[in-house]
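Undergrad: Need the 3D shape of this:
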Amino acid sequence: CPATVNSSPGGRLHETVTMWDVGSHFNGLIAATQIGLLDRKAFETHIRKILPNIAGRVSQGRRLPQGWIRTDRHRWGNKNFDGSDGGRLLASLDNLRRFGGFEDRLDELVGSWNLQEIVVDGRIHSVINEKLVSSYVSHSAHYSAIAFRRWGIAAKSPYEVFQGNSRTDGQMALLEATSDIGPIGAEPLLLEAMELGISPESAYLADVLYSAQLEEYRETGQLICVSEGPIDRSPWFTYQGLQLDAATRTWATDTVGKEPEYRTPEFRDSHLVVSSKSAFLWAAHQPHDYSDILLRHVREKSKTENGFSSSIFVKTGRATEAYTDLNTNGVILQAIAHRLGAAG
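TA: So this is what the prediction gives:
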């Protein structure tokens, strides 16, 4: 499955996918089978086509999942490794293992990767241009650590500060640790809830985020549903979330390259979006009138002939109607399966 699809005239497919995308692909296929959109035979056919392409690549004596692969070529990609995306992949493979039918093959596949070698002093690292680079200062680090542990690999999380503190002190320590990393969005907090069972740390942060979104709506009437995802104009992908250390309630934006021009209040106001997939995640995780409002908004604005578009701009109400992505639709399927009680 391509990472993104632009179905407008002259649009194109983005044929490169990360291991995060592949994880969403696996989880989407599992969910589609759980809710009856795919039969078991079709599901297994899809899985058998994907697995050989994530065998990984040997570089510097380590076999690891690749940073990205091509969907229009067989077993073709780069030789980097992304620690956050690797965690997403491991979480989805654990989901697939629990769903059944591929247990031996998955144990062999994950066992072939030298994952222990990129965990240094308990911290997960990426491999970029043959150098180890820590992925610890990231909102994905907690989610990744839990996923690594599912496969027997001990990993630390920057969120785990509750031990030895009172409840209130632990929560304050977590807010401080989180604000040092950057704005928080729905993912991967709610992905953890769908796939791994939500931890106390992520449950508290999800409650803080949801409460802030609800307060914003009650005070201003503005729908807020922040997360990470693609948009149909430059810079094409943004991270959006609640900035916990701001003096007033602030919905911040960031990009992969952290370019300053995409971090201004003017950019934020014109590019803040309702995340389609996160509306479904909140509806599955947090039953509430506000969750229902978000879900109706996305169903009315974002539905296309090929699933759901990625985002709806808050300022204009315009959906990225010709621009959709694998992660959005895979996660939406997960959320639906979870809400229907079909997910294991």
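Undergrad: ranges for the helices of the stretch 151-300 of the chain?
TA: In the stretch 151-300 of the chain, the segments counted as helices under DSSP state H, counting those that start in this stretch are 167-181, 189-195, 200-220, 265-271, 276-285, 289-301.
Undergrad: Tell me what the closest residue to residue 311 other than its chain neighbours is bridged to.
TA: Excluding its sequence neighbours, the residue lying closest to residue 311 (C-beta to C-beta, 6 or more residues apart in numbering) is residue 273, at 3.8 Å. For glycine as for every other residue, the C-beta is placed from the backbone atoms N, C-alpha and C. Beta-bridge partners recorded for residue 273 (DSSP bridges): residue 313.
Undergrad: I figured residue 273 was touching residue 316, is that so?
TA: No - if you go by C-beta atoms under 8 Å, residue 273 and residue 316 don't touch, sitting 10.1 Å apart.
Undergrad: And for the residue lying closest to residue 40 once chain neighbours are set aside, the neighbour number?
TA: Spatial nearest neighbour of residue 40, excluding adjacent residues (C-beta to C-beta, 6+ apart): residue 33 at 6.5 Å. Under the neighbour criterion other C-beta atoms under 10 Å, residue 33 is assigned a count of 21.
Undergrad: pLDDT (mean, whole number) over the helix or strand where residue 33 lies?
TA: Following DSSP states H and E, one finds residue 33 within helix 19-34. Averaged across helix 19-34, the pLDDT comes to 98.
Undergrad: Distance from that helix to the middle of the chain?
TA: Put simply, helix 19-34 sits 12 Å off its chain's centre (C-alpha atoms, centre = their mean, to the nearest Å).
Undergrad: Just the buried positions in that helix, please.
TA: For helix 19-34, the neighbour count (16 or more other C-beta atoms under 10 Å) marks 19-34 as buried.
Undergrad: quick revisit: pretty sure the residue nearest to residue 40 is in contact with residue 41, am I right?
TA: No - using C-beta under 8 Å, residue 33 is not in contact with residue 41; the gap is 10.1 Å.
Undergrad: Tell me the one of the buried residues of helix 19-34 nearest residue 225?
TA: Distance to residue 225, by C-beta to C-beta, is smallest for residue 24 among these, at 18.1 Å.
Undergrad: one step back: how about the residue nearest to residue 311, what does it touch?
TA: Residue 273 is in contact with 229, 231, 238, 240, 311, 312, 313, 314, counting by C-beta atoms under 8 Å, 6 or more residues apart in numbering.
Undergrad: Make JSON lines out of those and add pLDDT, distance to residue 143 and neighbour count.
TA: Listed next are these as JSON lines, based on pLDDT from 0 to 100; distance: C-beta to C-beta, whole Å; neighbours: other C-beta atoms under 10 Å:
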{"residue": "229", "pLDDT": "94", "distance to residue 143": "16", "neighbour count": "25"}
{"residue": "231", "pLDDT": "93", "distance to residue 143": "23", "neighbour count": "17"}
{"residue": "238", "pLDDT": "94", "distance to residue 143": "19", "neighbour count": "25"}
{"residue": "240", "pLDDT": "97", "distance to residue 143": "18", "neighbour count": "27"}
{"residue": "311", "pLDDT": "96", "distance to residue 143": "22", "neighbour count": "32"}
{"residue": "312", "pLDDT": "98", "distance to residue 143": "25", "neighbour count": "25"}
{"residue": "313", "pLDDT": "97", "distance to residue 143": "27", "neighbour count": "18"}
{"residue": "314", "pLDDT": "97", "distance to residue 143": "26", "neighbour count": "20"}
